[in-house]
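Colleague: Using only what follows, build the 3D model:
(chains A, B and C)
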Amino acid sequence: MPRVVVSPILASVAIGVAAITLAGCSGGSPSSDASTSASSEAPRTVRVVTHDSFALSDAVVAAFEETSGIDVEFIPAGDAGEMVNRAVLSAGNPEADVLFGIDTTLLSRAIDADVFDPYVSSADTLRPELREAGLGVVTPVDDGDVCINIDDGWFAEQGIAPPTSLEDLADPRYRGLLVVQNPATSSPGLAFLLSTIERYGDAWPDYWTRLADNDVAVVNGWSEAYLSEFTAGGGGGDRPLVVSYSTSPPAEIVYAEEPKPERPSTSVMTDGCYRQVEFAGVLRGAEDPAAARAVVDWLLSPEVQADIPLSMFVFPARAGVALPDVFEEFVVRPESPAEIPAAEIAERRDDWIDEWTQIVLR
Amino acid sequence: MTRTGAGRALAAGVPLAIVTAFVIVPVLAVVITGFGSEAIATLAAAGTWRLVAYTAGQALVSTALSIALALPAAYALYRLDLPGRRVMLAVITVPFVLPTVVVGLAFRELLPFAGTTAAIIVAHVFFNVGLVVRVVGSLWGHLDPRLGDVALTLGLSPLRAFVRVTLPLLRTAILGAGALVFLFTFTSFGVVLVLGDPALPTIEVEIYTATVQRLDLSAAAGLALLQFAIVAVVVVLTTRWQEAAAVRQRLADDERRARPRGALDRVAVAWTAALVIAVVIPLLALVARSLRVGEGWGLAWYREAVAPSEASTRTTAALESISLSLQYAAAATAFAVVLGALACAGIVMARRRGAWLDAGLALPLGVSAVTIGFGLLLVSLRGPVDMRDWWILVPLGQAVVALPIVVRVVLPLLRSLDPRMRQVAATLGAPPLRAWWTTEGAITLRAFGVAAGLAAAVALGEFGATAFLVRLDTPTVPVQIVRLLGRPGEANTGVAAALAVMLLVITVFIVGIAERLRPRRTGGW
Amino acid sequence: MTGTGLSGRGLSVRGLTIVYEGRTLIDDLDLEVAPHEIVALLGPSGSGKSSLLRCIAGVQAPERGSIGWDGQDITRVPAHRRGIGLVFQDALLFPHRDVAGNVGFALPRDASSSGRVSDLLALVGLPGFEGRDVATLSGGEAQRVALARALAPRPRMLLLDEPFGALDRDLRDRLAADVRRLLLDAGTPALHVTHDRQEAELVADRILHLPGAAREA
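Modeller: From the prediction side, this is the model:
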């Protein structure tokens, strides 16, 4: 195309490219959201990235926002695994200011990727056994046990005694009754895998081969497993055994319709439980680290800690917090749940997951 | 080389260098990461070749089916004088510009066998049948119909006349369309993610899950490299075949259409009508899903999308993500048009080597959106510039994805312009700018208008690159839809459907406007 | 041109009416071509000559009328079974085949066909042209290939639609004489349409004027 035609095009093109590049280089947040810097007088906003199972009472959040002048925004980012992966991929240039919901199994991955600005809030208010759990980088906020949940009603109807141990799960009597989550994508899924590794040691692949032969179902996340596949989950599922939490039975009562049942219809298999601690941390590169730390402190406050049991069905990390009645009556905390040291998890977790995938999914 | 020759080479080189920089940089990032030893190990694994075989297999089947279903419709719409022809053509080709997640969701609602390979093949055919109809039909419409008559008078039955006269003349268009469909379905992402068998990923999906779920960047890069290599081979091969199949013939200037006559014609018309209906049904299913609340009907999901009821965990309101999507799309379109103009200018100026460049520019079509997004992410993570919180990052990725389409729309038009017309205008006394405007300018600008519309549609619905680049609090509509689909529950699916319908309407609107600008005579696309 | 109904031998056209976009091009035409006869049809452009030939060949349907051959009504017979060849104004050679491929298009693909192709090419004065690319042929050469192609399947009758329209005077006259010789040798009756009186006189036994056409001075 001769020059007469090209010049106007090239000129406007050069201008366009320059303009757009300059606009892009200035970076900055999109126009729709108002996140202002700490130096301005407008309310400070702290964004908290969490997993999809996060919940806190609106009243508790509102109260904090009033007294502190900090607007808290919770941004769900999929399940815990996804959330941590996103944090790793955005380390140093984070998508939020605080990350809440990372647990022991994922902690080492995040620490290795230098995701956090180390900050541990008021360690002396924590329950003694949890004080070191955060490795000096993050703050424990709650803990729970990942256990097999049993639909007692289903087993009663079928006239079968429910399983009581990990070994039982591989027994042909219980064929096709168990649903678990993929440890690559799900935090409870990984916890269950880890408890079988702790139990069986190097023979754990055998155990899972037997589970696979026993027709174990695998789904990606807790919600799908519990709400869709579990017989007592309300989603028309057909599996009466699911990997969930020791606090799920009382949750059944709390979420039931009136009149509320006296006892939960599900119970927990105390053998093969895995203890999980959940942490909150300040993300490296957060816009307003001071406000972020204030939010982490708030997560350990008596108000939030008292709200946690009925909002998220886990146990408060703070010492001396009273538990609701349903918890006192119906929750059995396993005495010696499995736990594998974070360093070992960090080293071998990928290999374990790969091998599990080969055995169970392929 | 003479001064003008050197000058021209330089003038052609500069814009092309700029364009390739934007396209090549993310690919280079992938290549560099992908050549590590871990990546090579991944490639050698048996699982990888199963992956490739599955991806190629479903792409081949999708391509074959698309062509088979499209041919009778191409005949009916480009050779027969049908009432409502333009409407039918528009309906059949609309799917091509629709966002992949919208289509995936629509088919999830419609098909009882969602979550299987058959489902993704059906969705792929839905997307691409219009493309084949257009590309093959454009050529078919310009074939001299009397050639068929000649065959008849020589004693060949209509069917044999089709096989021995028409088909060989169409072969190059069929090959071209088939190659495009194969590339699109080979690198298909949104559809496979939403609609496919979770135990049977394609290469694209595997790249994504390796990155996002397993943080295995080397494996992802290795796969991306492998995919790129396969695509390059396919492009080279099909370009060769197309050249071999091309028949130098005198094409008619406009399309001559006849009234339907005979049984074969009637079958073709019925087939086309069925195709049109089949294209509309999934979209209707989507709309129905967005309006079905519990046992009854209502606008609850739309209301929820616009003003989410949850207070503490904030999901981005639909209006916000729609506005964001539009902003991104506007920026991406501007960028894509600018880059496209540079590329076209460069190609036309590098006249003799134009064919090579043409094939070279087909390559970005095959560099998948996922690779582009992944590459840009890698550049940010490991390169000198951390672009992760740049607002411009997402539109940039979308623009690179949309670039090949801009080029493919504008280039044939620019090539068909006759510079002598402008010279004639000049000799008649018109000043240069006016001469240009009256002869070529208006058409050129209209071509860019059409390209801009298509680029906007692509950017709006873009998912593969965006999924890698978008930040949590600034999701585009397609990303939000997929997030909602990842959570069980009727409410989430309902809101996702409502968002999908809104996106659908906006996309159709934009493309509709753009198509009105299309000058009457353009090749191919 | 006495009408003898459809019972005669050769081509007989009765009451043919052709309408195109509301205009009546041919109105109630009667026509006969006897076996071995070459008839020229004179008329200016736009008088419907092409449409007439297309209807007789069977690639277009007339509004009204009947077409018969050897006493059989072939109005409803599809074009590919009528055995009536048609040479178009543009040669319309198949671009994806070479010269031999075009000429032998209607012939079965066996050894005897290639012999026939060579014979035909020699007949039309293009010996040795078998392997030529059709895009490289001149106007006159292309027309001759088209003629050979049409003759290859030994049609009952040949229709020629201004085949020499695009050629210059000398070539036209030469080809006209050649065509006449070819047709007579093959014993094929023909209907040759043209607007050129001289060409008509060179080619035909009998000249007809299309109704309503002005006589050329």
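Colleague: Could you look up the SS state of the closest residue to residue A:103 other than its chain neighbours?
Modeller: Distances taken as C-beta to C-beta, 6 or more residues apart in numbering or on different chains place residue A:276 nearest to residue A:103, at 4.7 Å, with adjacent residues excluded. In this view, the C-beta of every residue, glycine as well, is placed from N, C-alpha and C. The three-state label given to residue A:276 by DSSP: H, G, I helix; E, B strand; the rest coil is strand.
Colleague: who does residue A:276 bridge with?
Modeller: When bridges are called by DSSP bridges, residue A:276 pairs up with residue A:144.
Colleague: gap between it and residue A:331?
Modeller: In this view, residue A:276 and residue A:331 are 15 Å apart by C-beta to C-beta, to the nearest Å.
Colleague: now residue B:95
Modeller: Counting by C-beta to C-beta, the gap from residue B:95 to residue A:331 is 53 Å.
Colleague: Over to residue A:72?
Modeller: Distance, residue A:72 to residue A:331, using C-beta to C-beta: 29 Å.
Colleague: Looks like the residue nearest to residue A:103 contacts residue A:140 (just checking).
Modeller: No: between residue A:276 and residue A:140 there is no contact under C-beta atoms under 8 Å: 10.6 Å.
Colleague: between those two, who's got more neighbours?
Modeller: Neighbour comparison, residue A:276 and residue A:140: the larger count goes to residue A:140, with 27 against 24 (by other C-beta atoms under 10 Å in any protein chain shown).
Colleague: Look up phi and psi at residue C:132.
Modeller: Main-chain torsions, residue C:132, degrees, to the nearest 10: phi -70, psi 150.
Colleague: Tell me if residue A:310 really is in a helix.
Modeller: Yes: Residue A:310 sits within a helix when classified using three-state DSSP.
Colleague: Can you report how many residues neighbour the residue nearest to it when sequence neighbours are not counted?
Modeller: Once flanking residues are discounted, residue A:310 sits nearest to residue A:324: 5.7 Å by C-beta to C-beta, 6+ apart. Using other C-beta under 10 Å, residue A:324 has 13 neighbouring residues.
Colleague: swap in residue B:168?
Modeller: By other C-beta under 10 Å, 15 other residues sit near residue B:168.
Colleague: now do residue B:20
Modeller: By the criterion of other C-beta under 10 Å, residue B:20 has 16 neighbours.
Colleague: What helix or strand is it located in?
Modeller: helix B:3-34 (DSSP states H and E).
Colleague: do the same with residue A:295
Modeller: Going by DSSP H and E, residue A:295 is in helix A:289-299.
Colleague: do that helix and chain B meet?
Modeller: No: contact of helix A:289-299 with chain B is not found when judged by C-beta under 8 Å from any C-beta of the partner chain; the minimum separation is 13.3 Å.
Colleague: Residue B:243 - how many residues pack around it?
Modeller: Using other C-beta under 10 Å, residue B:243 is surrounded by 12 other residues.
Colleague: per-residue pLDDT, it?
Modeller: Looking at residue B:243, its pLDDT stands at 81.
Colleague: And the pLDDT at residue 213?
Modeller: No chain specified, so I'll use chain A. For residue A:213, pLDDT reads 92.
Colleague: You answered for a different chain; I wanted chain B.
Modeller: pLDDT, residue B:213: 79.
Colleague: Can you pull the residues of the stretch 151-300 of chain A lying near chain B?
Modeller: Proximity of the stretch 151-300 of chain A to chain B, by C-beta under 8 Å from any C-beta, involves residues A:184, A:185, A:220, A:221, A:223, A:224, A:227, A:228, A:235.
Colleague: now with 7 Å?
Modeller: When proximity is defined as C-beta under 7 Å from any C-beta of the partner chain, the stretch 151-300 of chain A approaches chain B at A:184, A:185, A:223, A:224, A:227, A:228.
Colleague: Please list the members of those residues that lie in strands.
Modeller: In strands, judged by DSSP state E, none of those are found.
Colleague: Would you point out the most distant pair within those?
Modeller: A:184 and A:227 (20.3 Å; C-beta to C-beta).
Colleague: can you tell me which residues contact residue B:377?
Modeller: By C-beta atoms under 7 Å, 6 or more residues apart in numbering or on different chains, the contact set of residue B:377 is A:89, B:468, B:469.
Colleague: neighbours around the closest residue to residue C:59 other than its chain neighbours, how many?
Modeller: Nearest non-adjacent residue to residue C:59, counting by C-beta to C-beta, 6+ apart: residue B:149, 4.2 Å away. The tally of other residues near residue B:149 (other C-beta under 10 Å) stands at 21.
Colleague: Please report the distance of residue B:149 from residue C:93.
Modeller: In terms of C-beta to C-beta, residue B:149 sits 14 Å off from residue C:93.
Colleague: shaky segments in chain C?
Modeller: Flagging of chain C using pLDDT under 70 yields the residue ranges C:1-8, C:46, C:211-217.
Colleague: interface residues of it facing chain B?
Modeller: Chain C comes close to chain B at residues C:57, C:59, C:79-80, C:84-86, C:88, C:92, C:94-96, C:105-106, C:135, C:153, as judged by C-beta under 7 Å from any C-beta.
Colleague: Could you let me know which of these ends up closest to chain A?
Modeller: Using C-beta to the nearest C-beta, residue C:135 comes nearest to chain A of the residues of chain C next to chain B, at 28.3 Å.
Colleague: quick one, phi/psi of the closest one?
Modeller: Dihedral angles of residue C:135 (phi, psi; degrees, to the nearest 10) stand at phi -70, psi -20.
Colleague: The helix holding residue A:295 packs against which elements?
Modeller: The contact analysis (3 or more C-beta pairs under 7 Å, 6 or more residues apart in numbering or on different chains; DSSP states H and E) places helix A:289-299 against strand A:44-50, strand A:70-76, strand A:98-103, strand A:266-283.
Colleague: Reformat those as TSV; add distance to residue A:256.
Modeller: Putting these into TSV (distance: least, C-beta to C-beta, whole Å) gives the following:
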stretch	distance to residue A:256
strand A:44-50	26
strand A:70-76	25
strand A:98-103	26
strand A:266-283	11
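Colleague: tell me the most buried of those strands?
Modeller: Of all the helices and strands packed on helix A:289-299, strand A:98-103 carries the top mean neighbour count, a mean of 27, counting by mean count of other C-beta atoms under 10 Å in any protein chain shown.
Colleague: what's downstream of it, the next helix or strand?
Modeller: Past strand A:98-103, the next helix or strand by DSSP H and E is helix A:104-112.
Colleague: tell me what the following helix or strand past that next one is packed against?
Modeller: Using DSSP H and E, the next helix or strand after helix A:104-112 towards the C-terminus is strand A:116-117. Contacts defined by 3+ C-beta pairs under 7 Å, 6+ apart place strand A:116-117 against strand A:266-283.
Colleague: how far out from the middle of the chain is the strand it packs on?
Modeller: Relative to its parent chain, strand A:266-283 has a centroid offset of 10 Å by C-alpha atoms, centre = their mean, to the nearest Å.
Colleague: Next, residue B:488: phi, psi?
Modeller: Note on residue B:488: its backbone torsions stand at phi -70, psi 160 [degrees, to the nearest 10].
Colleague: Can you report how many residues neighbour it?
Modeller: 19.
Colleague: need the contact list for it.
Modeller: With C-beta under 7 Å, 6+ apart, residue B:488 has these contacts: A:223, A:224, A:227, A:228.
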